[in-house]
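Visitor: I would like to see how this sequence folds:
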Amino acid sequence: MDCENNNCSPLIARISFHKVLEKLEEIAESDVDYRSEYAKALLKHTEPYPELRDGITDLSLLEKHGALIKNLLADLFPTALQKNEIKAAAIPFFNFTFNRTERFDAILENAGEDFGMAIRNFEEHEFYVFCCCLILNAYYGQHFDFSRPLFYDIPDKDGVMKHYRILYNADFLEILPTDKAVKITSEDITLLMNNFDDLELWREKFPPNSWEVKGFGIISLFDATSEIAISNLKSNLLLINKKEPKKENIKHQFEDVFRSIYHIPDIQIGYTEINTEDNRFKIAPFKAIKSHILVNCDEKICDDVFCHETLEKMLREKKNFIISDVEAYLANNELDDAFAKHLLNQNIKSCILAPIIKNDRLLGFFEVVSSRPRVLNSINALKLDYILPFLTDTIDRNYSELQNEVDAIIQNEYTAIHHSVYWKFREEALKHISAPDNEELAYKEIVFKEVYPLYGQIDIKGSSTARNESIEKDLMRQIEKLLSVFRFIYKKEKLPLIQQHIYELENMEGELKNALKADTESIVQSYISNEIHPVLQHFDFANDEIHEKITAYFETLDSKVKMVYESRKDFDETLSMINKQMAAVLDSKQTEAQAFFPHYYERFKTDGVEHNLYIGASISPKLSYSPLYLSNLRLWQMQAMCEMENEYYKIRPSLPYDLDVTSLILVFSSPISIRFRMDEKRFDVDGTYNARYEVVKKRIDKAFIKGTTQRITEKGKLTIVYSQRQEEAEYRRYIQYLQHNNMLDTVIENFDVEDLQGVTGLKALRVGILYNDSEKPNDTLSYDDLLKEFSGK
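Guide: Numbers count the residues shown, from 1 in each chain. Below is the predicted model:
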């Protein structure tokens, strides 16, 4: 610490060699002739200079007596070690030294005239407290452990920062109080021990310049550059993928670390991602690191960068690829001359490409390059062995964070995306992540062209009627309960208001028996909640009998909606169980269907389960598409519909509502385009022509057989709607196959579908579904057991 004012330390430094002189006096009186004579001669030379014993405060005297001091300290600073040891005399924590070894002087000379030594991260507060702890330990016999690693950061002649660990020896020091010193008590020591941050307290107990440190210490430095550089590397690695204002500085800090490790002032680093599946090098989305393999492009086929033999060797062996002299490599490797020229164009004369491997997966190549030949080679490449584990873990972690960021964009901007089209959304998300910070890109709509649609649904027939019945049952039951309570209250309290509510409830009961209108449920619930319940709450305190009646009524209500909700709850849970089970069967079957050829799949649960499938070359452009996959998916769809019907057949006896289901498939042989609607966060058909398909989809399940009032769908049967003769022929073949497998009945109906608005000429096939009795459970699950089973799915 440089004390430019008189208040920065409690210590006054007095450089003294009294302990060395005392030791020389002992030697002078010894029997060893040559040692004795040497000591006497030194003592004689120091006699004219009493300040060497009493102490020096004027630092200029150290230079004046430099030669004599060097002789006094010769035993502590051996001549043979002058060029090896980094050593000097000093006062601990004070940033001045004298009697330095030749190596120490050379280090400071290389640092330049403007360089000023300062202990790293050693502020005035800490310096003051450390000096106080020296006093407490040396004079008061305390044992404050204030030691921590201290370092000097000193650049070499090339500007590469070197890091030196500091060790102090205080054997030749003593600490003495001056007349300004404050006596320290045990209570003071306890108080100081618990108040490191209270600098004013430390100044109070140890006023500035109140103690004297007499003598000298020995400071020894050892080169810890590699260890510190690796530690700094770990810190900088954490910043690679951080979006911070000073992110442009990260690369320079990163390179400074490698320059310290390799002692090469012009070293540069880079990283290039590799996709072994696509056989492409890519710019990594870590903006703090550039690529030297790729320049002025975002990606390139691997074979366009390296010759085939070199690339195959790199990918197979997964070892460092080292070029110590690029110009010599160019002259001796004609097949790889393109890459060598590519490096020379960047003024790269030597390089190391280190593979980054995690869990046996090659992520990319870390690049260490220099503009000087031969400075990077197979010998110093071994230094990367200590660094690569940290680099690998960090790069892998950043890829994981990148994946999370991509997923977040997809979820926020697009919605949950089926894995078959995920790649397309990922490409778009990566464009935004990799874009310059000052460039704002609009989120692009995702379009897949020339895909073939497949639509199917299992609809719960009569669900609206069953829902109305459940509503009517609950409302009737609640009105009956309320009439019972109000009639009881009226017997006790002959109030006209009670009689009026009885009259209104009876009218509502009569209306419910006649017909349930669309708004009946909301009207009754609003009336009960806003008018009836407040009256009951008022009479709840009338007498014990009324209180018991009202309490018993409220206990029968659902805790959430405060209404009788038994039948509606049963219906809702039945509907939910049917949908869950049908969806589970479809999702399970989809796993095997995706293995045939990746295709887009989505399903919806309403009063039943609908699903959309889209298959085509644009969904999976890396695979070779064939119409065979469309035929295969159509047959799979029919099988899946039959299995879903069979699954419902199994659980139907256990459901409180006896509902029927109908199955329908819509065939559409013309390819269409689908576009992801950013506003609706879903896929929809794209274009006016393609909209015809959506119109048919929305209206077909309610359509009638032409010339009749009979719906085209019927319970226990699969209806297939089509428009072209070749579609009929194709599906008859599928029907025959499923008949052979005992999944469909032998009778096939064929009829025209009534004309829909804007759509004419539709036809349909309808065939009965065979139920597998062997799979029907002998012991039907109870309704409660069924609820438990579905709640876990």
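
Visitor: Provide a list of residues in contact with Phe597.
Guide: Ile615, Ser620, Leu623, Tyr625, Tyr629, Asn632, Leu633 (C-beta atoms under 8 Å, 6 or more residues apart in numbering). All C-beta atoms are positioned from the backbone trio N, CA, C, and that covers glycine.

Visitor: Go ahead and build a ChimeraX selection from the buried members of these.
Guide: Here is the ChimeraX command that picks out the buried ones among these, judged by 16 or more other C-beta atoms under 10 Å:
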select :615,620,625,629,633
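
Visitor: Let's have the contacts of Phe597 in TSV, adding secondary structure, pLDDT and distance to Val585.
Guide: Conversion of the contacts of Phe597 to TSV gives the following (DSSP: H, G, I helix; E, B strand; the rest coil; pLDDT from 0 to 100; distance: C-beta to C-beta, whole Å):
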residue	secondary structure	pLDDT	distance to Val585
Ile615	strand	93	20
Ser620	coil	87	25
Leu623	coil	87	27
Tyr625	coil	89	27
Tyr629	helix	92	22
Asn632	helix	92	19
Leu633	helix	94	17
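
Visitor: List just the nearest of the contacts of Phe597 to Ala338.
Guide: For these, the residue nearest Ala338 by C-beta to C-beta is Leu623; the value is 31.2 Å.

Visitor: And the closest one, how far from Phe339?
Guide: From Leu623 over to Phe339 the distance is 31 Å, taken as C-beta to C-beta, to the nearest Å.

Visitor: sorry, back to before: out of the contacts of Phe597, which one sits closest to Glu566?
Guide: Nearest member of the contacts of Phe597 to Glu566, counting by C-beta to C-beta, is Leu633, at 43.4 Å.

Visitor: got the contact list for the closest one?
Guide: Contacts of Leu633 (C-beta under 8 Å, 6+ apart): Leu454, Ala593, Phe596, Phe597, His599, Leu613, Ile615.

Visitor: Mind listing residues that contact the helix or strand where Arg732 lies?
Guide: Element membership of Arg732 [criterion: DSSP states H and E] is helix 725-740. With contacts defined as C-beta under 8 Å, 6+ apart, helix 725-740 is touched by 631, 634-635, 638-639, 642, 667, 669, 720, 722, 744-746, 748, 750, 763, 765, 767.

Visitor: ok, now stretch 556-573?
Guide: 466-467, 469-471, 473-475, 477-478, 481, 525, 528-529, 533, 656-657, 787.

Visitor: repeat for stretch 460-477
Guide: By C-beta under 8 Å, 6+ apart, the list of residues contacting stretch 460-477 from outside reads 508-509, 512-513, 516, 520-521, 524, 563-568, 570-571, 575, 578, 607-608, 657, 659-662, 713, 715.

Visitor: tell me the contacts of Arg372?
Guide: Ile264, Asp266, Lys349, Ser350.

Visitor: Show me what the helix or strand that contains Lys549 is packed up against.
Guide: Lys549 is part of helix 544-555 when elements are defined by DSSP H and E. Contacts defined by 3 or more C-beta pairs under 8 Å, 6 or more residues apart in numbering; DSSP states H and E place helix 544-555 against helix 463-492, helix 533-539.

Visitor: The contacts of helix 725-740 in strands, which ones?
Guide: Val667, Ile720, Tyr722, Leu744, Asp745, Thr746, Ile748, Asn750, Lys763, Leu765, Val767 (DSSP state E).

Visitor: Counting neighbours, which of those comes out on top?
Guide: With neighbours taken as other C-beta atoms under 10 Å, the top of those is Ile720, carrying 27 neighbours.

Visitor: who touches that one in this structure?
Guide: By C-beta under 8 Å, 6+ apart, the contact set of Ile720 is Met638, Leu664, Ile665, Val667, Tyr731, Ala764, Leu765, Arg766, Val767.

Visitor: The second one bridge partners, please.
Guide: The one in question is Leu664. As for beta bridges, Leu664 partners with Gln457, Thr719 under DSSP bridges.

Visitor: and the closest residue to Glu694 other than its chain neighbours, what is it in contact with?
Guide: Leaving out its chain neighbours, the residue that sits closest to Glu694 by C-beta to C-beta, 6 or more residues apart in numbering is Val685, at 5.2 Å. By C-beta under 8 Å, 6+ apart, Val685 lies in contact with Pro453, Ile672, Ser673, Ile674, Arg675, Ala691, Tyr693, Glu694.

Visitor: Now with 7 Å, please.
Guide: Ile672, Ile674, Ala691, Tyr693, Glu694 (C-beta atoms under 7 Å, 6 or more residues apart in numbering).

Visitor: Following the chain past the helix holding Lys549, name the next helix or strand.
Guide: Assigned by DSSP H and E, the successor of helix 544-555 is helix 566-596.

Visitor: what bits of the stretch 301-450 of the chain have low per-residue confidence?
Guide: Where the stretch 301-450 of the chain drops to pLDDT under 70, the residues are 410-419, 436-443.

Visitor: One more: the stretch 601-750 of the chain?
Guide: In the stretch 601-750 of the chain, residues with pLDDT under 70: 677-684, 686-691.

Visitor: if I read this right, Arg675 contacts Lys449, doesn't it?
Guide: No. Judged on C-beta atoms under 7 Å, Arg675 makes no contact with Lys449 at a distance of 9.5 Å.

Visitor: who touches both of the two?
Guide: Between them, Arg675 and Lys449 share no contacting residue under C-beta under 7 Å, 6+ apart.
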